[in-house]
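# sequence and predicted structure below; questions after.
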Amino acid sequence: MDFFEKRLKNFISSKIDISEDFNFEQFKVGRSNITYKISDDANTYVLRRPPFGNKLESAHNMSREYKILNVLYKNGLRVPKPLYLYDEKKLTNDDFYIMEFIEGATIANYDVAENYDEIEKHIISKSFIETLLEIHSFNVVDSELSNLGQHENYVERQIKRWNKQFQAQKVRDIEDLDKATALLLENIPTQQIIGIVHGDYRLDNVRVNKNRVTAVLDWELCTLGDPLADLGTVIASWNDQTEKDSPFVYSPTLSNGFPSRKDMIEYYSHNSTLDLRNIEFYTRLSFWKHAMIMEGVFVRYSLGSYGKVNENEIESFKNSTIMFARKAASKNLLEEIT
């Protein structure tokens, strides 16, 4: 799909410091909104837009994502600086926004992680948790993001919202997903504070430079609510080589030398006043939500929303949903993975 047609490239060059014949390259990481690196000989930026084709409008709100970045950046949190939002729907039917390009590395998989030694991996991991604590310490109630979402009953709202989206695009029955949904609804813990929830806080969603997290990326799932949901995502995705059936098959922490899941929980606990006794629930919630996400990606791939793709890749997302659902349905989840 020729998104960057000449008229659009000319328009973009009139809004940011870049030539009209700039180069563009789609990032391979990220399977929901589409992210491009755009550059000329002097400057580099990042452009985000929704997937092509049919989509749930509420799940790909560029204006909302831009506002989140804008407020967090102004308050000193580690996010890219947002530069321009297009929401006119004249040159293209979809909104998009442009932000600064953050130098460094995205530790997206095992191969990238192998470039770091054990000491570096521990430094990065602590910086990763410190960055999460900074996000969770942000006083969102008194900020411009106070109306980003409802403040209370985050978990219940999330379960209902994701299940509604799943039902809206449902193409098959998944028994373990139904079991996990029931387990979650039966065991919802009391929300301790109102905070920013990133929604997909994983090592492959941050930029790292000189062994320090310099920016958190992919804020499309961000809302207000229970910040321990983010820690649950960290624990769910922080697998190692001993976990043979992990659905996070490309997890960078499969590379030897990273702290354990227990270590990551302790890093957070030592610097937070939150009670972590229900961390298994939040870890289950993360596996369940990832099953929902993978199923959505599978459906969109099948419908051609990402352009021409390999049939094997479509099948991998189909199977990934099953693997995440199986984990989410495990009754002794934390014992199983730690």
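The structure has been received and is ready for your questions. Numbers count the residues shown, from 1 in each chain.
# now the closest residue in space to residue 157 that isn't next to it in sequence: how far from residue 282?
Counting by CB to CB, 6 or more residues apart in numbering, residue 157 lies nearest to residue 150, which is 6.3 Å off, once chain neighbours are set aside. Any C-beta I mention is one placed from the backbone N, CA and C, and that applies to glycine too. Relative to residue 282, residue 150 is positioned 18 Å away (CB to CB, to the nearest Å).
# neighbour count for the two, which is higher?
Ranked by neighbour count (other CB atoms under 10 Å), residue 150 and residue 282 place residue 282 first, with 22 against 12.
# can you pull out the helices in this protein?
Ranges of helices within the chain are 6-15, 62-74, 110-113, 118-137, 154-168, 175-186, 228-237, 261-270, 279-302, 311-328, 333-337, based on DSSP state H.
# deepest of the ones you listed, which one?
By mean neighbour count, with neighbours taken as mean count of other CB atoms under 10 Å, helix 228-237 ranks first of these at a mean of 26.
# out of the helices of the chain, which is closest to residue 249?
helix 311-328 (7.8 Å; CB to CB).
# ok, and what's touching the closest one?
For helix 311-328, contacts defined as CB atoms under 8 Å, 6 or more residues apart in numbering pick out 31, 174, 176-177, 180, 183-184, 236, 245-247, 249, 284-285, 287-288, 290-291, 294-295, 297-298, 301-302, 333, 337.
# what's the average pLDDT for it?
In this model, helix 311-328 has an average pLDDT of 89.
# what angle sits between that helix and helix 154-168?
Calculated by axes from the mean of the first three to the mean of the last three CA atoms, to 10 degrees, helix 311-328 forms an angle of 140 degrees with helix 154-168.
# can I get helix 311-328 in PDB, CA atoms only?
Taking C-alpha atoms only, helix 311-328 is exported to PDB below (Å, rounded to 0.1, in the frame of the first residue of the first chain):
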ATOM      1  CA  GLU A 311       0.800 -17.500   5.400                       C
ATOM      2  CA  ASN A 312       3.200 -19.000   7.900                       C
ATOM      3  CA  GLU A 313       3.200 -15.700   9.800                       C
ATOM      4  CA  ILE A 314      -0.600 -15.700   9.900                       C
ATOM      5  CA  GLU A 315      -0.500 -19.200  11.300                       C
ATOM      6  CA  SER A 316       2.000 -18.200  14.000                       C
ATOM      7  CA  PHE A 317      -0.300 -15.600  15.400                       C
ATOM      8  CA  LYS A 318      -3.200 -18.000  15.300                       C
ATOM      9  CA  ASN A 319      -1.200 -20.500  17.400                       C
ATOM     10  CA  SER A 320       0.200 -17.700  19.600                       C
ATOM     11  CA  THR A 321      -3.300 -16.900  20.800                       C
ATOM     12  CA  ILE A 322      -3.700 -20.500  22.000                       C
ATOM     13  CA  MET A 323      -0.400 -20.500  23.900                       C
ATOM     14  CA  PHE A 324      -1.200 -17.300  25.700                       C
ATOM     15  CA  ALA A 325      -4.700 -18.500  26.600                       C
ATOM     16  CA  ARG A 326      -3.300 -21.800  27.900                       C
ATOM     17  CA  LYS A 327      -1.000 -19.900  30.300                       C
ATOM     18  CA  ALA A 328      -3.800 -17.500  31.400                       C
END
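# what angle do helix 279-302 and that helix make with each other?
160 degrees.
# picking up where we left off before, contact partners for the residue nearest to residue 157?
Going by CB under 8 Å, 6+ apart, residue 150 touches 157, 224-225.
# tell me where the stretch 1-150 of the chain is predicted with low confidence.
By pLDDT under 70, the weakly predicted segments of the stretch 1-150 of the chain are 1, 28-31, 53-59.
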